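[1] With the input below, show me the fold.
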Amino acid sequence: LNEEFWVVTGNYDAQVEYYRQDVRNLQEKVNDDLEDIKDKQYISIDLFGAVGDGYTDDTLAIQSAIDFSIETGKPLQGTSKTYKIHRLKLPENKYFLSSTTFVLRGDDTGNVYSIDVQENSKVDTLNIEIPFGTTNERIVRVQSNTYVDSINVIAESNWATGNDLLDHAVYISGNNITINNIYTDLCESSVIVFQSTNVIIGNVKIRRSVRGLYVRESRHIEVNKVITIDKPINDEWGPGKNGILIEECEDVYFDVAHISDSAEHGIRIGGARNKRYRQKSIHFGEVITRRTQGCGFKVFAGVLSGEPYTIRDITIDSLTVIDACYNMPPLRNRDGLYLAVVSNISINDLRVITTDSNNSSYFGMYVSGVNDLNIGRVFIDKPMNVGAMFEKEYGQVNKVYIDNFTCVGAGNEMINVDHSGEVMRDFYIRNIWGREWGNEYPAIKLGLSLIYQPLFLQGYVRVDGDRTAFESLPLTHDNIINKVEEI
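    Sure, this is the predicted structure:
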């Protein structure tokens, strides 16, 4: 109020009218300012007073700017500042935030998201920092019909999530989603694609993660390239600590996957919790796994209860496993390639390599309960136990076709087929070459009883000392065609 005017005149009505006019003038100024804003091509993230010093909680100011940008139909434009936030919702709109950094307030718990990219939104970049001591369990959610160019989530120290399988730094769930780039660092659980269809992801790079990329209950998923490197400090072997885990999915395509330093398996396909999909049609282009404490590449249709579905139709262009069972005691389930309860799997080129004797896979490749396995070329170097183990633990092994098989330095046999008491059909390994297997073992050992179609072996092994090339129980069988020669 204009106190001086009131004191001089004592006129209450005049004072009220003066006040009303003052408010009208102010409102006209605000309206003029808003019209000027509406004439611009974008709405600034600072419009409603966001400070951007990294310490002030700017959540309400930024959300107000977002809401106003939607009201005006203008994109939201970020600045080169760091904004402390609690929770933000990004409804349908365009967001230009490539120069902007969001640092989390970090005191959330439960199934909430720090940034929620909602349906039909288009975002160029999300840069997110997770400070030390953050209790948030989920950081970014991306929903249906969205496009995001880049998501970068970096933690100040190892960010540990809750016990829920869905607690991840980047949570993708919906239909028709495109994300060009994802980068996480020091996030215990990094990226999950859950109950989604038609998702395209360009490049994923994950550093110092316990769990890398998890694809669950989804179909029609395409990923161009995944790289995981470096375990968090002091992380130890444990179940579920995979570079890539694929459960209950159909039609999944990875062009390139380079997986390093997994505390369990490099890549794991299998497991059925809700049996949403029948686990089939999964393709990998180039795969390289290094320093995995479990298997380099494992396919197993295990379930929490009931009978497993057979996993079907897996193709791999090139699979290289370097140092499976890394710095671990040599035990089963720490193999280069592990296949169980699988049908129709094709691999053009398989290489299982050991760089030194302390990092040797237990089996170079393990096969059980598998029907229709086709491999073009196999090279297995210094496995701790058997080079290629075929056994009946999870069911019959039938229709195996390997065109070229090389094994050097196996601790026991190069090839062991343990199938007694079960029917075997159509087993072909051609162009075998091997040397330097275990002193007390044959190069090739067959434990068979019922062979309905030919078991065909052909190639050469170099016999040194007291080693023998071939052992078969029974010793003779009309359908065993052994053309392996000693040199």
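[2] can you give me the helices for this protein?
    3-9, 12-39, 59-72 (DSSP state H).
[3] Okay, buried residues for the last one please.
    When you say that, I think you mean helix 59-72. Across helix 59-72, burial judged by 16 or more other CB atoms under 10 Å covers 59, 61-63, 65-69. For the C-beta atoms, the positions are set from N, CA and C on the backbone; glycine is no exception.
[4] and which of those is nearest residue 146?
    Comparing the buried residues of helix 59-72 against residue 146 with CB to CB places residue 66 closest, at 15.1 Å.
[5] does that closest one really touch residue 78, like I thought?
    No. The pair residue 66 / residue 78 is not scored as a contact, 11.1 Å apart, by CB atoms under 8 Å.
[6] Nearest residue to residue 55 in space, please, no chain neighbours.
    residue 84 (6.1 Å; CB to CB, 6 or more residues apart in numbering).
[7] again, but for residue 173
    Leaving aside its sequence neighbours, residue 173 sits nearest to residue 194 (CB to CB, 6+ apart; 4.8 Å).
[8] ok, that neighbour - contacts?
    166, 171-173, 214, 216-218 (CB atoms under 8 Å, 6 or more residues apart in numbering).
[9] Recalculate using a threshold of 10 Å.
    165-166, 168, 171-174, 214-218, 247 (CB atoms under 10 Å, 6 or more residues apart in numbering).
[10] Tell me the one among the residues you listed nearest to residue 94.
    Nearest to residue 94 among the contacts of residue 194, with distances taken as CB to CB, is residue 174, at 18.3 Å.
[11] what about the nearest residue to the closest one once chain neighbours are set aside, distance to residue 223?
    Computed as CB to CB, 6+ apart, the closest residue to residue 174 that is not its neighbour in sequence is residue 144, at 3.2 Å. If you measure residue 144 against residue 223 using CB to CB, to the nearest Å, the figure is 18 Å.
[12] So for these two, which residue has more residues nearby?
    residue 223 (25 against 17; other CB atoms under 10 Å).
[13] does that one have beta-bridge partners, and which?
    residue 201, residue 254 (DSSP bridges).
[14] Where does pLDDT dip in the stretch 301-450 of the chain?
    When residues are selected by pLDDT under 70, those of the stretch 301-450 of the chain lie in 302-309, 357-358, 450.
[15] which stretches of it form strands?
    Along the stretch 301-450 of the chain, counting by DSSP state E, counting those that start in this stretch, strands occupy 311-324, 337-353, 365-381, 388-391, 398-408, 415-418, 423-424, 427-435, 442-447, 450-451.
[16] Just put those in TSV and tack on mean neighbour count.
    TSV is the format used below for these (neighbours: other CB atoms under 10 Å):
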stretch	mean neighbour count
strand 311-324	22
strand 337-353	22
strand 365-381	22
strand 388-391	24
strand 398-408	20
strand 415-418	24
strand 423-424	20
strand 427-435	20
strand 442-447	23
strand 450-451	16
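[17] circling back to that earlier point, just checking, which of the contacts of residue 194 belong to strands?
    171-172, 214-216, 247 (DSSP state E).
[18] residues contacting the residue nearest the centre of the chain?
    Nearest to the mean C-alpha position of the chain, counting by CA atoms, centre = their mean, stands residue 213 at 1.7 Å. The neighbours of residue 213, taking CB under 10 Å, 6+ apart as the test, are 168, 170, 182, 184, 190-193, 201, 204, 206, 223, 226, 228, 242-246, 254, 257, 259, 267.
[19] and what of residue 285?
    Counted by CB under 10 Å, 6+ apart, residue 285 has contacts 224-225, 253-257, 315-318.
[20] Now do it against residue 429, distance only.
    Going from residue 285 to residue 429 by CB to CB gives 25 Å.
[21] ok, now residue 55?
    Taking CB to CB as the measure, residue 55 falls 66 Å from residue 429.
[22] Then residue 441?
    Distance from residue 441 to residue 429, by CB to CB: 17 Å.
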